[in-house]
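J.: Build me a structure from this.
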Amino acid sequence: MEINTILNYVIQIAVLLFAVSVHESAHGWMAEKFGDPTARMQGRITLNPIAHIDPIGSIIFPIILAIMHAPVFGWAKPVIVNPYNLRDYRRANRFISAAGPGSNIITASVGVGLFLLLKRINIGILANSSGFEVGGLILLNLIIINLYLAIFNLIPIPPLDGSHILESLLHGDALYNYQKLKPYGFIILLLVIYTGVLNIIARPILTFVVSILLRG
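T.: Predicted structure coming up:
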């Protein structure tokens, strides 16, 4: 494996740890706003990745993907929310669930703005016509990984954040029938990933954003 490739995967894993830390911290922060201090008490409202690392999802799985020359992806320990502490549970569940992917979208947006600004003043982004300096590589991965994480989590399949958002909006028979999917959520999710549906959803968005970054 070439040094540049190793550097790229090291950056991807570091960015992934940051992205999942932002994601889980946002869940905990929003839960606290609705009355549940559990995440704060457990030290989960922090950008320190040590507080959020899941040994398999945050370390082993991303390293395996890197070894396989695949895009790095993973997950962190989920933030624990005590529903009995929440004010207006359905509304709280909606906002707490949306806070994770929402924080990743905001992080990616900041990355886009910073990338375009540094590119405009020609500092630390493009090394030449076919490559990036380290700063550009970090920002590019920051944008792509945060967007991918947001898109993935917004899919309305249990137990992803999107499923909690949709569940908080449903009532009556629609809610009852949707909740029947929960025991099969993981299997459905694996099918979505294995069949390439996730990439079909994510690729147009990521391609559009990258085209904006590289334009001009």
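J.: what's the burial count for Val79?
T.: Neighbour count of Val79, defined by other CB atoms under 10 Å: 25. Yep, even glycine has a C-beta here, placed from its N, CA and C like the rest.
J.: what do you get for Ala51?
T.: By other CB under 10 Å, the burial measure for Ala51, its neighbour count, is 19.
J.: quick one: it from Gly74, how far?
T.: Per CB to CB, to the nearest Å, Ala51 is found 16 Å from Gly74.
J.: With Leu214 instead?
T.: Counting by CB to CB, the gap from Leu214 to Gly74 is 26 Å.
J.: which one of the two has more residues nearby?
T.: Legend: neighbour count by other CB under 10 Å for Leu214 and Gly74, higher for Gly74 (24 against 11).
J.: May I ask you to confirm that that one is in contact with Ser58?
T.: Yes - proximity of Gly74 to Ser58 meets the contact threshold set by CB atoms under 8 Å, at 5.4 Å.
J.: so how many other residues sit close to Leu86?
T.: Leu86: 17 neighbours (other CB under 10 Å).
J.: Tell me who's in contact with it.
T.: Contacts for Leu86 were tallied using CB atoms under 8 Å, 6 or more residues apart in numbering; they are Ala31, Phe34, Gly35, Asp36, Ala92, Asn93.
J.: Would you check which pair of the residues you listed lies furthest apart?
T.: Distances among the contacts of Leu86 were taken as CB to CB; the most separated pair is Gly35 and Asn93, at 12.4 Å.
J.: circling back: please identify every residue contacting each of Gly74 and Ser58.
T.: Residues within reach of Gly74 and of Ser58 at once, by CB under 8 Å, 6+ apart, are Leu16, Val20.
J.: Need the contacts of Leu86 in CSV (columns: pLDDT, distance to Gly131 and secondary structure).
T.: Shown next, in CSV, are the contacts of Leu86 (pLDDT from 0 to 100; distance: CB to CB, whole Å; DSSP: H, G, I helix; E, B strand; the rest coil):
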residue, pLDDT, distance to Gly131, secondary structure
Ala31, 98, 42, helix
Phe34, 97, 46, coil
Gly35, 97, 50, coil
Asp36, 98, 46, coil
Ala92, 97, 46, helix
Asn93, 96, 45, helix
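J.: who wins for most neighbours among those?
T.: Counting neighbours by other CB under 10 Å, Ala31 comes out on top of the contacts of Leu86 with 28 neighbours.
J.: wait, isn't it in contact with Ile96?
T.: Yes - applying CB under 8 Å as the test, Ala31 and Ile96 come out as touching, 5.1 Å apart.
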